[in-house]
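structure for this input, please:
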Amino acid sequence: MSLNRMVTTSLLLSLAALAGACGDDDPSQTGGNGGGEEGGGGEGGGPPATEQELEGEISSITLTSDTLWILKGVVSVPAGETLTIEPGTTIVGDKASLGTLVVQRGGKIDARGTATQPIVFTSALPAGERGEGDWGGVVILGKAPINEAGGEAEVEGFQEPQLYGGTDADDDSGTLEHVRIEFGGIEISDGNEINGLTLAGVGRGTTVDFVQVKNTLDDCFEFFGGTVNASHLVCYRNGDDGFDFDSGYTGSLQFLFLVQDPTIADDANGFEADNDKDDPEVAPVTNPKISNVTLCGQDSDQPKQQFGFLFRRGFNATITNALVAGFEAGVDFRDVPPTEVELTHSVFVRMSVEDVAYVEDQPESDDGLPNEDDDGGFDEIAWFEGGEGNTSEGPDLSFCFASTPSPGPAAMIPGGEPVGDALDPTATYVGAFKDASDDWMSGWTDFAND
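Reported below is the predicted structural model:
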């Protein structure tokens with residue numbers, strides 16, 4: 001196989017020594033609490049026999065599960081090349097060099113794990129020493145429309161320009177299936193952390209299904225414009241927002257699950273969404289279609305505000321079948337003009353400050369919530385109550401906040417029809433899980449914190 005600027009330090013390691021040093025959640029394993037039943041490292045389920053470093057631009061190659069692959073610095077898949085990753089493969093990011101994977105416009109990633117053999121991007125540090133911000137994350141850049149001037153933009157923080165955006169709504173950047181991205185979010189430049197999974201100008205020819213981001217220092221998933229559809233997305237212990245949308249994103253999302261980190265005393269929201277900070281009406285307007293969402297907040301009153309939904313600066317959307325619990329308030333609208341969002345068949349419960357929405361122009365509170373009108377007098381409570389099927393009564397969702405979340409309600413909560421290009425148009429229930437027997441997270445996800 002051909003590699004450009006690739007350091008190939010293939011070290012034949014002692015399997016016995018590795019077995020003694022590695023627990024179930026070691027970087028050389030894809031198993032762990034809720035992880036792949038067969039572990040990682042090839043057909044036998046043991047640790048990889050070799051290590052190999054990747055650096056700089058790489059040509060079309062296949063990462064095999066019998067090798068532990070190490071990202072050194074920014075590793076790029078350039079236009080015309082495809083990075084293929086076998087099921088059960090582990091890729092680790094080097095902390096000292098800010099290890100990060102970037103799929104350039106015109107490049108592709110073909111990462112098709114399975115429920116029993118997920119593909120895992122993780123920290124290079126051993127289990128017990130890993131933490132948020134140990135490496136970068138996965139960045140995919142496409143040619144789909146965005147609303148930045150000139151039709152393209154640059155991802156901030158990188159030394160070399162990382163451009164995204166174009167005119168091809170059907171652009172194909174490849175496939176991510178049964179992939180876990182964990183312990184990322186390193187600060188790549190002053191004030192610029194990398195998201196767990198960044199999808200920038202990615203087109204709807206791309207497949208994103210069954211992806212978990214966990215223990216990240218920044219957002220779990222961020223959509224900078226583009227048209228990509230995605231489903232079965234899991235965000236666990238995000239340092240910033242769970243799902244972030246801007247720059248004209250117009251895709252469809254279904255089956256989103258989030259569990260906030262109760263130790264983060266910051267303004268981390270379930271959704272944070274806007275269109276453009278300088279021109280709220282610039283086209284294409286951010287306008288996703290989102291169905292079947294379960295958002296579990298910090299379940300406590302925090303020093304800084306945190307909301308299930310925070311909508312800003314011209315953001316539009318259609319959202320249905322959302323189950324939101326454990327935030328200070330279910331929703332807050334910001335900025336003028338107010339955003340245009342339709343929310344239906346949704347349940348907001350277990351809020352620590354307000355049952356439904358944050359009410360402005362109230363006396364200053366101790367928790368630092370804003371108390372000045374910042375949305376032109378928009379009435380969030382009337383907006384919520386005016387949506388068909390919305391209610392602030394329902395299950396308390398205490399199961400959201402267990403050490404290993406089991407987020408399916410005991411019985412199905414009837415909802416409405418999914419919206420947009422939903423993967424499953426028959427999922428007419430509230431939340432990301434039909435009931436307690438809905439096990440689409442089984443096998444490939446992981447909820448260990450070290």
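
tell me which helix or strand comes right after the lowest-mean-pLDDT helix or strand in the chain.
Sorting the helices and strands of the chain by mean pLDDT, DSSP states H and E puts helix 15-21 at the bottom, at a mean of 33. For helix 15-21, the following helix or strand on the C-terminal side (DSSP states H and E) is strand 50-57.

neighbouring strands for the following helix or strand past that following strand, and are they parallel or not?
Remark: after strand 50-57, the chain's next helix or strand is strand 61-63, criterion DSSP H and E. Strand 61-63 pairs in its sheet with strand 82-85 (parallel), by DSSP bridges.

any idea of the mean pLDDT in the strand it pairs with?
Strand 82-85 shows a mean pLDDT of 98.

quick check: next helix or strand after it?
Moving toward the C-terminus from strand 82-85, the next helix or strand (DSSP H and E) is strand 90-93.

which other helices and strands contact that following strand?
On a contact count with 3 or more C-beta pairs under 8 Å, 6 or more residues apart in numbering; DSSP states H and E, strand 90-93 meets strand 67-77, strand 100-103, strand 119-123. Bear in mind the C-beta positions are built from the backbone N, C-alpha and C, glycine included.

mean confidence score for that strand?
What strand 90-93 shows for mean pLDDT is 98.

and that strand, which strands flank it?
Strand 90-93 is paired, per DSSP bridges, with strand 67-77 (parallel), strand 119-123 (parallel).

now tabulate those in a markdown table and tack on mean pLDDT.
Shown next, in a markdown table, are these (pLDDT from 0 to 100):
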| stretch | mean pLDDT |
| --- | --- |
| strand 67-77 | 98 |
| strand 119-123 | 98 |
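
from those, which stretch is densest packed?
strand 119-123 (a mean of 28; mean count of other C-beta atoms under 10 Å).

can you name the next helix or strand after that one?
Helices and strands here follow DSSP H and E; after strand 119-123, the next one along the chain is strand 138-141.

elements contacting the next helix or strand after that next one?
Using DSSP H and E, the next helix or strand after strand 138-141 towards the C-terminus is strand 153-154. Counting contacts by 3+ C-beta pairs under 8 Å, 6+ apart, strand 153-154 packs against strand 163-164.

neighbouring strands - and their directions - for the next helix or strand after the strand it packs on?
Next in sequence after strand 163-164, counting helices and strands by DSSP H and E, comes strand 174-182. The strands that strand 174-182 pairs with in its sheet are strand 108-112 (parallel), strand 119-123 (parallel), strand 207-216 (parallel) (by DSSP bridges).

quick revisit: ok, which of the helices and strands packed on strand 90-93 comes nearest residue 202?
When the helices and strands packed on strand 90-93 are compared by C-beta to C-beta, strand 100-103 sits nearest residue 202, at 9.2 Å.

just the CA atoms of the closest one, as CSV, please.
This file holds the C-alpha atoms of strand 100-103, laid out as CSV (Å, rounded to 0.1, in the frame of the first residue of the first chain):
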residue,chain,number,x,y,z
THR,A,100,-6.5,14.6,14.3
LEU,A,101,-8.1,13.0,11.2
VAL,A,102,-9.3,15.3,8.4
VAL,A,103,-11.1,14.0,5.3
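
which helices and strands does that strand pack with?
Packing partners of strand 100-103 (3+ C-beta pairs under 8 Å, 6+ apart): strand 67-77, strand 90-93, strand 138-141.

to residue 61, which of the ones you listed lies closest?
That would be strand 67-77 among these, by C-beta to C-beta, at 9.3 Å.

and that closest one, how far out from the chain's middle?
Put simply, strand 67-77 sits 21 Å off its chain's centre (C-alpha atoms, centre = their mean, to the nearest Å).

separation between residue 351 and residue 384?
12 Å (C-beta to C-beta, to the nearest Å).

what count of nearby residues applies to the spatially closest residue to residue 421 that is not a sequence neighbour?
Sequence neighbours aside, residue 252 is the residue nearest to residue 421 in space, at 4.2 Å (criterion: C-beta to C-beta, 6 or more residues apart in numbering). Residues within reach of residue 252, counting by other C-beta atoms under 10 Å, total 21.

who's residue 252 bridged to?
residue 289.

hmm, it is touching residue 425, no?
No: the pair residue 252 / residue 425 is not scored as a contact, 10.8 Å apart, by C-beta atoms under 8 Å.

ok but residue 240 is inside a helix, no?
No: under DSSP: H, G, I helix; E, B strand; the rest coil, residue 240 sits outside any helix and is assigned coil.

coming back round to it: can I get the strands paired with strand 90-93 in TSV with distance to residue 259?
Compiled in TSV, these are given as follows (distance: least, C-beta to C-beta, whole Å):
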stretch	distance to residue 259
strand 67-77	26
strand 119-123	18
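
those strands: which one's closest to residue 445?
strand 119-123 (10.8 Å).

for the closest one, C-alpha coordinates in CSV please.
Output in CSV follows, covering the C-alpha atoms of strand 119-123 (Å, rounded to 0.1, in the frame of the first residue of the first chain):
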residue,chain,number,x,y,z
ILE,A,119,-14.5,1.1,14.8
VAL,A,120,-13.0,3.1,17.7
PHE,A,121,-11.1,6.4,17.6
THR,A,122,-9.7,7.1,21.1
SER,A,123,-6.9,8.4,23.2
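
now do that strand: everything it contacts.
27, 30, 35, 40, 85-93, 95, 101, 111-113, 130-131, 134-135, 137-138, 178-184 (C-beta atoms under 8 Å, 6 or more residues apart in numbering).

and those residues, which are buried?
Neighbour counting with 16 or more other C-beta atoms under 10 Å marks 27, 30, 35, 40, 85-93, 95, 101, 111-113, 130, 134-135, 137-138, 178-184 as buried within the contacts of strand 119-123.

quick one: low-confidence residue ranges for the stretch 351-450 of the chain.
Along the stretch 351-450 of the chain, the parts satisfying pLDDT under 70 run over 353-355, 357-373.

any chance you could map the strands in it?
Taking DSSP state E, counting those that start in this stretch as the criterion, the stretch 351-450 of the chain contains no strands.

picking up where we left off before, can I get the helices and strands packed on strand 90-93 in CSV with distance to residue 332?
Shown next, in CSV, are these (distance: least, C-beta to C-beta, whole Å):
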stretch, distance to residue 332
strand 67-77, 36
strand 100-103, 32
strand 119-123, 33
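
mind checking which of the ones you listed is nearest residue 416?
Closest of these to residue 416 is strand 119-123, at 34.1 Å (criterion: C-beta to C-beta).
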